[in-house]
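In: just a sequence and a predicted model for now, questions to come.
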Amino acid sequence: MIRRATVEDTDAIVQMGARFLADGPYGRATADQHALDTFVRYLLEYGYVTCSAHGMLLGQSFLNPITAEMTAAEIAWWVDPEHRRGSHDALRLFTAFEDWAAHQHARAIQVIAPVGTSLGHLYARRGYRELETIWQKRLAA
């Protein structure tokens, strides 16, 4: 079952967020639990957090500085690896996010596809088009 997350879901969302960062291309083997907790609580109040028993999707809406349109942005989309195949949780989470974006009067949705994944194909099938490539350099702390 896909549902909007509540404060009671914070710990589970933070744990999924930590796995998202550890398994993703962002170069962080561990996550700052306090920072993740603060961010999830912020999104619960001002953004979008939805969850299922095995996944989550975090997002927000903002006034796009380039187009001057309300835009929704996916921040993190995670489904436990053992539940990705044969499960519809991932698509249900994403569809719920698109529905939320429409209710926010967003005129566009921006999503991220990490390098080396098949997400670009999924997004294209759902009507998204590639706009830019993001480059990142890690700086010394």
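Out: That came through, no problem.
In: where are the low-confidence patches of this structure?
Out: For the chain, the stretches with pLDDT under 70 are 26-30, 86-87, 141.
In: where do the strands sit along it?
Out: 3-4, 48-51, 55-63, 70-79, 108-110 (DSSP state E).
In: the longest one vs strand 55-63, what angle?
Out: The one in question is strand 70-79. 170 degrees (axes from the mean of the first three to the mean of the last three Cα atoms, to 10 degrees).
In: what packs against strand 70-79?
Out: If contacts are counted by 3 or more Cβ pairs under 8 Å, 6 or more residues apart in numbering; DSSP states H and E, strand 70-79 sits against helix 10-23, strand 55-63, helix 89-103, strand 108-110. All C-beta spots, glycine's among them, are computed from the backbone N, C-alpha and C.
In: any idea how far P65 is from T71?
Out: According to Cβ to Cβ, to the nearest Å, P65 stands 10 Å off from T71.
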